[in-house]
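Peer 1: Predicted model follows, preceded by the sequence.
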Amino acid sequence: MRVLASAPAKIILFGEHSVVYGKPAIAAAIDLRTYVQARFNDNGAIKIEARDIKTPGLTVSFSEDEIYFESDYGKAAEVLSYVRQAIELVRDEADRSRGVTVSITSQIPVGAGLGSSAAVAVATIGAVSKLLGLELSNEEIGRLGHRVELLVQGASSGIDPTVSAIGGFIHYEGGRFERLPFMELPVVVGYTGSSGSTKELVAMVRRTYEEMPEIVEPILTAMGKIVEKARDVLLSDIEDGVRFQKLGRLMNINHGLLDALGVSTKKLSELVYAARTAGALGAKITGAGGGGCMYALAPEKQSEVATAITIAGGTPMITKISREGLRIEEVLP
Ligand SMILES: Nc1ncnc2c1ncn2[C@@H]1O[C@H](COP(=O)(O)OP(=O)(O)OP(=O)(O)O)[C@@H](O)[C@H]1O
Ligand SMILES: C[C@@](O)(CCO)CC(=O)[O-]
Ligand SMILES: [Mg+2]
């Protein structure tokens, strides 16, 4: 038997980092996906084939007529830890005796703030649980995905695996989510081309918080207030033009506060300012930062903003919100 599952990337519209401290956040699934195929193998082991993730620490030396390979197995194992933990959690719930092979292909840039870790965990749990005959709802799979992130990262709010599992638009707070009405948002994502590790960025913010709680706490509180205002704007019965203007202002304030926490980079800020100059109503980091992506809200200006992001040295992506979360694509005997 073979099962193919897929799970989407996400953007955090408002509230990354502060959500780790129990404040609310708003996120949406987008139409980039990670695909995971799971099948049984005969040797009782876990085998992972991750084709589009670079193997770190591989050194190749050439001499006269010989080639030597040296690999840092520790680093390679660390990179696959989300997939491995996802498989282990499902085997703990079902059957540890059967060997499982998992093959991954992904459209989501890694470490870019678009939730690649959550998508790979959720798609793996979806495929392996179906293979092992467990009937889990997408919500339950989102909760298991949160456990994977906690085990690997040490800290995670759970918003990324939740939105990847259930899709659409959500308001998330303290482990609970509320679905927001679906709407098309005219957004452009800008990728800096560099990556940041969510585990390290969350730990860095934690250190700053512990050093200066009297300064960082009000920043996190303000971020939570931005999210509540944004939720009111998203739910209110106003004309789209006014709605986008209000959201744009809130995005710009949220970006400034993320910058104050130290998670922006020169390149991210350049893309943010380039997008605003080209007519975006708002632009901010999305996800953990430290590289990765920003997004801009640009009604009727998406192509101008995409061009400005390219000129500033980034890669623009005009994405759509994905209504669907985890999806079982096919089950073959
Ligand atoms: N296609 C993949 N195959 C295997 N592992 C992956 C894949 N994509 C992501 N990962 C795992 O996720 C890690 C990156 O996760 P990280 O949380 O740091 O960034 P992100 O999820 O892309 O961004 P953010 O958390 O800010 O949204 C990689 O180092 C790797 O361990
Ligand atoms: C930085 C963070 O807030 C969002 C990462 O997409 C981490 C988390 O919520 O677990
Ligand atoms: Mg992640």
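Peer 2: Sure thing, it's come through. Residues are numbered from 1 along each chain as shown. Ligands and ions are numbered 1, 2, ... in the order given.
Peer 1: use CA for all of it now, contacts and neighbours both
Peer 2: OK.
Peer 1: in which helix or strand would I find Thr101?
Peer 2: strand 99-106 (DSSP states H and E).
Peer 1: That strand: what's the following helix or strand?
Peer 2: Beyond strand 99-106 toward the C-terminal end (DSSP H and E), the next one is helix 116-131.
Peer 1: Run through who's touching the following helix or strand past that next one.
Peer 2: Using DSSP H and E, the helix or strand that follows helix 116-131 in sequence is helix 138-153. Here helix 138-153 makes contact (Cα atoms under 8 Å, 6 or more residues apart in numbering) with 81-82, 85-86, 89, 117-118, 121-122, 125-126, 155-166, 198-199, 325-326.
Peer 1: circling back to that earlier point, using CSV, write out every CA atom in the strand holding Thr101.
Peer 2: Provided in CSV are the C-alpha atoms of strand 99-106 (Å, rounded to 0.1, in the frame of the first residue of the first chain):
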residue,chain,number,x,y,z
GLY,A,99,9.0,-0.5,8.5
VAL,A,100,8.0,2.7,6.8
THR,A,101,9.6,4.5,3.9
VAL,A,102,8.7,8.2,3.3
SER,A,103,9.5,10.2,0.2
ILE,A,104,9.2,14.0,0.2
THR,A,105,9.0,16.6,-2.5
SER,A,106,8.3,20.2,-1.7
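Peer 1: Can you list the strands that that strand pairs with?
Peer 2: Taking DSSP bridges as the criterion, strand 99-106 sits next to strand 25-41 (antiparallel), strand 46-50 (parallel) in its sheet.
Peer 1: So which of the ones you listed is the most surrounded?
Peer 2: Across those, averaging neighbours per residue (mean count of other Cα atoms under 10 Å) puts strand 25-41 on top, at a mean of 24.
Peer 1: For the chain, list the residue farthest from the centre, please.
Peer 2: Most distant from the centre of the chain: Glu64, at 45.2 Å, with distances by Cα atoms, centre = their mean.
Peer 1: Do the helix or strand hosting Glu178 and ligand 2 come into contact?
Peer 2: For Glu178, the host element (DSSP H and E) is strand 176-179. No - using Cα under 6 Å from any ligand atom, strand 176-179 never reaches ligand 2; the gap is at least 12.9 Å.
Peer 1: For that strand, give me every contacting residue.
Peer 2: So strand 176-179 is contacted by Gly168, Phe169, Ile170, His171, Tyr172 (Cα under 8 Å, 6+ apart).
Peer 1: just to revisit the earlier point, among the strands paired with strand 99-106, which is nearest ligand 1?
Peer 2: strand 46-50 (5.0 Å; Cα to the nearest ligand atom).
Peer 1: What average pLDDT does the closest one get?
Peer 2: Averaging pLDDT along strand 46-50 yields 91.
Peer 1: which outside residues touch it?
Peer 2: Leu80, Val83, Arg84, Ile87, Gly99, Val100, Thr101, Val102, Ser103, Ile104, Thr105.
Peer 1: Quick check: residues of this structure near ligand 1?
Peer 2: By Cα under 6 Å from any ligand atom, the residues of the chain that approach ligand 1 are 50, 52-53, 79-82, 104-106, 110-118, 120, 197-198, 287-288.
Peer 1: which of those residues are close to ligand 2?
Peer 2: Checking the residues of the chain next to ligand 1 against ligand 2 (Cα under 6 Å from any ligand atom), the matches are Gly113, Gly115, Gly287, Ala288.
Peer 1: burial count for the residue in the stretch 151-300 of the chain positioned nearest to ligand 2?
Peer 2: Of all residues in the stretch 151-300 of the chain, Ser156 sits closest to ligand 2, at 3.3 Å by Cα to the nearest ligand atom. By the criterion of other Cα atoms under 10 Å, Ser156 has 22 neighbours.
Peer 1: which one is it nearest to, not counting chain neighbours?
Peer 2: Leu150 (5.5 Å; Cα to Cα, 6 or more residues apart in numbering).
Peer 1: mind checking pLDDT for that neighbour?
Peer 2: pLDDT, Leu150: 98.
Peer 1: In this structure Thr198 contacts Ala112, no?
Peer 2: No - judged on Cα atoms under 8 Å, Thr198 makes no contact with Ala112 at a distance of 9.1 Å.
Peer 1: element containing Glu217, please.
Peer 2: helix 213-235.
Peer 1: what's the overlap in contacts for Thr198 and Ala112?
Peer 2: Residues touching both Thr198 and Ala112 (Cα under 8 Å, 6+ apart) are Gly289.
Peer 1: of the contacts of strand 176-179, closest to Pro299?
Peer 2: Distance to Pro299 across those (Cα to Cα) is lowest for Phe169, with 18.5 Å.
Peer 1: ok, what's across the strand from the closest one?
Peer 2: Bridge pairing for Phe169 - DSSP bridges - gives Ala28.
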